[in-house]
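Student: Could you look at this predicted model? Sequence included:
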Amino acid sequence: MKIGVIGAGSFGTALANLLAGKGHDVSIWAREEEVVTGILENRINPSYMTELVLPSNIHAYYSIEECIKESEMILFSTPTHALREVAKVTKDLLTGSEILVTVSKGIEEDTLLTPSQILVNVLKNAILEDQIGILTGPSHAEEVALSKPTTVVASAYSKRVSRIIQETFMTPRFRVYLNQDIVGAEIGGALKNIMAIAAGIVDGAELGDNAKAALMTRGLHEMKRMGSTMGAAQDTFSGLTGMGDLIVTCTSTHSRNRYVGYNIGQGKTLEEVTSGMNMIAEGVKTARSVHQWSKKNNVEMPITEAVYNVLFNNMNPRDAVQELMTRDAKDEIMI
C-alpha cells in the first residue's frame, strides 16, 4: 500500500518506520526543511527519534501534495491544534477513495471536537465519514521505534475501515485491537494527558504514591463521566485507550505531559517548562479545552479543573491538591 504520513514528529516518524518495515511505500511530510533534508540525505530525522535509521522506502517531502499523491491511506500525525490546518490543505488534494487515519490525542479548543470529528468536519464534502478512523492507545514513540511490545486500538466510523487499519499496522511487536467506540477511544486519549500532568505534579511535589494512585483512579472516573455524557461505552475506559493509556502516560519517563507536571510540581512556571521543550505536551491545550467543555455541559471534573487552575490561573499545586482533598464527602461510584 502507498501511505502518506502527515507530520514527522516522534510518533509520525516511528509509525512511518513501522509501516515501511512491513513493505509499504511510505511518504512523510515535515514542515521543517531540515527534517526533509536529513531524511533524504542521511536517513535520519534530525529533530525527532535521531538514533533511528530510516529505511529507503520512506520518502520525505516538504509539500503535502507530493507527500500524499496517489496514497491509498493518509496518516495524520500532528498535534490536535494543528490538525484542522493541515486537513484544510489536504481537502482539495483528495481523490475521495483514501482511508484517513489520525493518531492525534486531544480536544480542539472552542469547537470541542475530537481529532476524527475535526477530519469529518473539514473534509465532509471531499470524503465519506466511513473512510475516517483512528489509531490510539499506550504507545510511546520511543518504544515503538525500538520494536518493544506495544498494543493499541484501531477504531473507525465503519468496521471495514477499522479492520483495514488493524491489518495495515499489525506486526508481531505492534498488536492492534479493534474497538468501534471511536468517541470513547478519543476521550480516553485526550484526558489521559491532563491526568499525566497532574501525576507529574504529584511526583514533582513529592506528595507520594498514595496520592498518585488516587489521582489516576479518580482521573479514570472523569474519563467515564465525560464519556457518559458524549455517548461512549463505559467498558472502553477499562481498556487500552482508557486505563492502559492512563497508566503509561502517568508513570513513564517518556511522557511529555508528566514531564510538564513534574517540573511545575518542582516550582517552575508553565512558560519556563514549555519554552525548553522540543516536543509538544498535548495535555496543556487539552486542559483548556476540556475545562471549557465541562463548564459548557455542567459536568463536574475536579482534577481537570485543578490542572487548569495550576496551568492558567497560577494556582499553587499544593493548594490545588488541598482543594481536591477537602471537597465534600460523597460515594465513590457516582457517574
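Tutor: Right, received. Where do you want to start? Residues are numbered from 1 along each chain as shown.

Student: Can you point out the buried residues in the strand or helix carrying Gln166?
Tutor: Using DSSP states H and E, Gln166 maps to helix 159-169. Residues of helix 159-169 classed as buried under the neighbour-count rule (16 or more other Cβ atoms under 10 Å) are 161-162, 164-166, 168-169. Using the backbone N, CA and C atoms, a C-beta is placed for each residue, glycine as well.

Student: And for stretch 259-276?
Tutor: Applying 16+ other Cβ under 10 Å to stretch 259-276 flags 259-265, 270, 273-274 as buried.

Student: try stretch 41-51
Tutor: 44-45, 47-49.

Student: swap in stretch 61-76?
Tutor: So for stretch 61-76, counting by 16+ other Cβ under 10 Å, buried means 61, 64, 67-68, 71-76.

Student: from those residues, which ones fall inside strands?
Tutor: 61, 73-76 (DSSP state E).

Student: Mind putting these into JSON lines with distance to Thr326 and pLDDT?
Tutor: Formatted as JSON lines, these follow (distance: Cβ to Cβ, whole Å; pLDDT from 0 to 100):
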{"residue": "Tyr61", "distance to Thr326": "55", "pLDDT": "97"}
{"residue": "Met73", "distance to Thr326": "51", "pLDDT": "98"}
{"residue": "Ile74", "distance to Thr326": "49", "pLDDT": "98"}
{"residue": "Leu75", "distance to Thr326": "46", "pLDDT": "98"}
{"residue": "Phe76", "distance to Thr326": "43", "pLDDT": "98"}
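
Student: what about the helices in the stretch 51-200 of the chain?
Tutor: Assigned by DSSP state H, counting those that start in this stretch, the helices in the stretch 51-200 of the chain fall at 64-68, 80-91, 115-123, 141-145, 159-169, 182-204.

Student: Would you convert these into JSON lines that also reports distance to Glu222?
Tutor: Formatted as JSON lines, the helices of the stretch 51-200 of the chain follow (distance: least, Cβ to Cβ, whole Å):
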{"stretch": "helix 64-68", "distance to Glu222": "36"}
{"stretch": "helix 80-91", "distance to Glu222": "18"}
{"stretch": "helix 115-123", "distance to Glu222": "19"}
{"stretch": "helix 141-145", "distance to Glu222": "26"}
{"stretch": "helix 159-169", "distance to Glu222": "26"}
{"stretch": "helix 182-204", "distance to Glu222": "6"}
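
Student: got those helices as TSV, with mean pLDDT and distance to Glu300 columns?
Tutor: Below are the helices of the stretch 51-200 of the chain laid out as TSV (pLDDT from 0 to 100; distance: least, Cβ to Cβ, whole Å):
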stretch	mean pLDDT	distance to Glu300
helix 64-68	97	41
helix 80-91	96	24
helix 115-123	98	24
helix 141-145	96	34
helix 159-169	98	33
helix 182-204	97	14
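
Student: closest one to Val299 among the ones you listed?
Tutor: helix 182-204 (11.9 Å; Cβ to Cβ).

Student: thinking again about what came up before, winner for burial among the helices of the stretch 51-200 of the chain?
Tutor: helix 182-204 (a mean of 29; mean count of other Cβ atoms under 10 Å).

Student: about what we covered before: of the buried residues of stretch 61-76, closest to Gly283?
Tutor: Closest to Gly283 out of those is Phe76 (19.1 Å), distances taken as Cβ to Cβ.
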